[in-house]
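Asker: Generate a structure from the sequence data that follows.
(chains A and B)
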Amino acid sequence: MLAMLVVVAPASQASLPTDIDPNDPVFRDIECQGKVSSEKDPIFGVGYGYEVKCDKDVYAITIMSNRSVGSYSTEVIGLLPSGDPADGEDLFCIGGTPSNGFGCYASPGKTPPVKLTAGNTVVGSFSLFDPICDANSQPQFWAVAVSELGSYNDADTTKPPVIKGPWSVSSEPFPLDAKSVRCKVLNPKAKARSACAKVKKAKGRKAKAAAVRKCKAAQNAVRASR
Amino acid sequence: MNPKKTVLGILIAAVALTGLPAMANAATITISGSTTVAPLVTLLAKGYVKSSAGKGTKFKLLQGGSDIGVADVARGRVSVGMSSRIPKPSDPGGLVFNEIAKDALCVATHTSNRVANFTQDQVQSIFAGEARNWSGVPGSKKSGTINVVIRTAASGTQDAFDKIFMTPKKTFSGATQKASNGLIQQQLQRDPLAIGYVSLAFQKGVSVSNYKGVPCSLRAAKSGQYPGTRPLFLVTRGAASGPVSKFIKWIRRNPAALRIAAKEWVPFK
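Answerer: Sure, this is the predicted structure:
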């Protein structure tokens, strides 16, 4: 079987061709992190902002969610660690509506290729199709990045390893920190309907009062979730 | 035969059959083109799918610039092209430009270089490369070479800027060309000596100047006072038909669609 191994272990250096630098970032797997937060946007109204940063150069990035995305900013920019816009690091976003996400690309066909430099943060915004808490699970968001990864083939031990790549590869989905948009109450409308339906059924003054209290609390939760 | 299995089979068949008309009605509208029109279209698409008229419709949005949108729809690669420019004589025949809203083009600079107003002569002189130093621009406190930032040739925004602001002059060849509103905005945010133009929706972090004494604002654009407005189009091959026609009619007539457009654009009248 053909073995395609990423160069990571210093022990394998001895068998590497001299022109391979195992510390070259191209041989390292990508790591990304980021967050989603709610923001008031002049265009989206109640919208959500996202920030994603990776430790390698990125040619495209996909934002996915377990919620249905209604619309998204179609041009997003890369920011330097200082917070200033990075020169020329502008991504175009495309995708379906409604769908569970969208992709942003940085014109890899251009020379030099447009990309988001390692350590810079891509910042954009989107809105959801339905209120974020109208579901039975907490909102989750992920980012998948497209970067380059080099590998080498050392399956045939009688020959020197062969360098392969770098390849354009997509990363694993990295979960984005969505703590700030967590729902206190999930599916508040359904819960309010159920709580308020109990008011009619309640027998006795005390039971009725308790049911009304619960109904009002559930309705407040609906208002708070908007 | 197991009666339970028979009932289950009938139920599955019934569900499958009732599902068929829904699938047949589900339309996917593919759209490519202008980066200026794209933010408006994502919002309109969301509103449309939520409305009773567009229930079940799906949208697929691509970008690329007005010329790409026009070429894509002419070749049948997408159902609708987005264009922020009026038709060109060089466009393929048989295309229909359906206006959906208007947008304003704002002349903008870095926030440290606020210029209250530009006359048309000043704009033409700067963007034609005749005035090259900020020290010669009334209202600017800067000195140094003016970095003129414009859009690439495929852009409808560039075409509109040439027609509205520059005629009969031409933007000069030494200007830096950017592929999108966002890139110009970004350049203006970081370069104190830059000047460019952006759509109304891309004003964040830049200083927008009055043009011919009128502020480049949504209010002035809606009232018709601002002279730098241009129409935005959804382009179809022939007259729009089927789901695309329904979508365009909804954008032009439905109060919810007009409210969406009114957020950052001048709605269709």
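
Asker: at contact distance from chain A, anything in stretch B:146-161?
Answerer: No. Stretch B:146-161 is not in contact with chain A by C-beta under 8 Å from any C-beta of the partner chain; minimum separation 11.4 Å. From N, CA and C alone the C-beta is placed, and that goes for glycine too.

Asker: Quick one: the strands in the stretch 1-150 of chain B, in order.
Answerer: With DSSP state E, counting those that start in this stretch as the criterion, the stretch 1-150 of chain B has strands at B:28-33, B:58-61, B:80-83, B:95-109, B:117-118, B:147-151.

Asker: Can you tell me which of those is most buried?
Answerer: Highest mean neighbour count of these: strand B:80-83, a mean of 31 (counted as mean count of other C-beta atoms under 10 Å in any protein chain shown).

Asker: Does that strand pack against any helices or strands, and if so which?
Answerer: Other helices and strands packing on strand B:80-83, by 3 or more C-beta pairs under 8 Å, 6 or more residues apart in numbering or on different chains; DSSP states H and E, are strand B:28-33, helix B:37-50, helix B:66-74, strand B:229-237.

Asker: Buried residues, the longest one. List them.
Answerer: Residues of helix B:37-50 classed as buried under the neighbour-count rule (16 or more other C-beta atoms under 10 Å in any protein chain shown) are B:37-49.

Asker: Chain A next: which of the residues you listed are close?
Answerer: For chain A, the contacts drawn from the buried residues of helix B:37-50 by C-beta under 8 Å from any C-beta are B:38-39, B:42-43, B:45-46, B:49.

Asker: Would you enumerate the residues in contact with residue 54?
Answerer: You didn't say which chain, so I picked chain A. Going by C-beta atoms under 8 Å, 6 or more residues apart in numbering or on different chains, A:C54 touches A:30-33, A:61, A:116, A:118, A:145, A:147, A:171.

Asker: Sorry, I should have been clearer: chain B.
Answerer: Neighbours of B:G54 in contact, by C-beta under 8 Å, 6+ apart: B:48, B:246-247, B:250.

Asker: Farthest pair within the residues you listed?
Answerer: B:Y48 and B:K246 (8.8 Å; C-beta to C-beta).

Asker: wait, doesn't A:D177 sit right on A:Y50?
Answerer: No. If you go by C-beta atoms under 8 Å, A:D177 and A:Y50 don't touch, sitting 10.1 Å apart.

Asker: Now do the shared contacts for the two.
Answerer: Common neighbours of A:D177 and A:Y50, using C-beta under 8 Å, 6+ apart, are A:34-36.

Asker: which helices and strands does the longest helix belonging to chain A pack with?
Answerer: As assigned by DSSP state H, the longest helix anywhere in chain A is helix A:205-225. Of the remaining helices and strands, those touching helix A:205-225 by 3+ C-beta pairs under 8 Å, 6+ apart are helix A:188-201.

Asker: which parts of the helix it packs on are buried?
Answerer: Result for helix A:188-201 [16+ other C-beta under 10 Å]: buried residues A:188-189, A:191-192, A:195-196, A:198-199.

Asker: Could I get the contacting residues of the nearest residue to B:T236 once chain neighbours are set aside?
Answerer: Among residues not flanking B:T236 along the chain, B:V96 sits closest, at 5.1 Å (C-beta to C-beta, 6 or more residues apart in numbering or on different chains). Counting by C-beta under 8 Å, 6+ apart, B:V96 touches B:235-240.

Asker: the helices in the stretch 51-200 of chain B, which residues?
Answerer: Here the stretch 51-200 of chain B has its helices, by DSSP state H, counting those that start in this stretch, at B:66-74, B:120-127, B:156-161, B:181-190.

Asker: For the second one, what does the pLDDT average out to?
Answerer: Averaged across helix B:120-127, pLDDT comes to 96.

Asker: Okay, buried residues for the longest helix of chain A please.
Answerer: For helix A:205-225, a neighbour-count test (16+ other C-beta under 10 Å) marks A:211, A:214-215, A:218-219, A:221-222, A:225 as buried.

Asker: now swap in stretch B:258-269 and tell me
Answerer: Buried residues in stretch B:258-269 (16+ other C-beta under 10 Å): B:260-261, B:263-268.

Asker: Keep only those of these that are also close to chain A.
Answerer: Filtered for proximity to chain A (C-beta under 8 Å from any C-beta), these shrink to B:263-264.

Asker: For the stretch 51-200 of chain B, which residues are neighbours of chain A?
Answerer: B:58-63, B:179-183, B:186-187, B:189-190.

Asker: Mind doing that once more with 10 Å?
Answerer: Counting by C-beta under 10 Å from any C-beta of the partner chain, the stretch 51-200 of chain B comes close to chain A at B:57-64, B:178-191.

Asker: And the buried ones among the residues you listed, selectable in ChimeraX?
Answerer: The following ChimeraX line selects those of those that are buried, judged by 16+ other C-beta under 10 Å:
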select /B:57,58,59,60,61,62,63,64,178,179,180,181,182,183,184,185,186,187,188,189,191
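
Asker: Can you tell me which of the contacts of B:G54 is closest to chain A?
Answerer: B:Y48 (9.1 Å; C-beta to the nearest C-beta).
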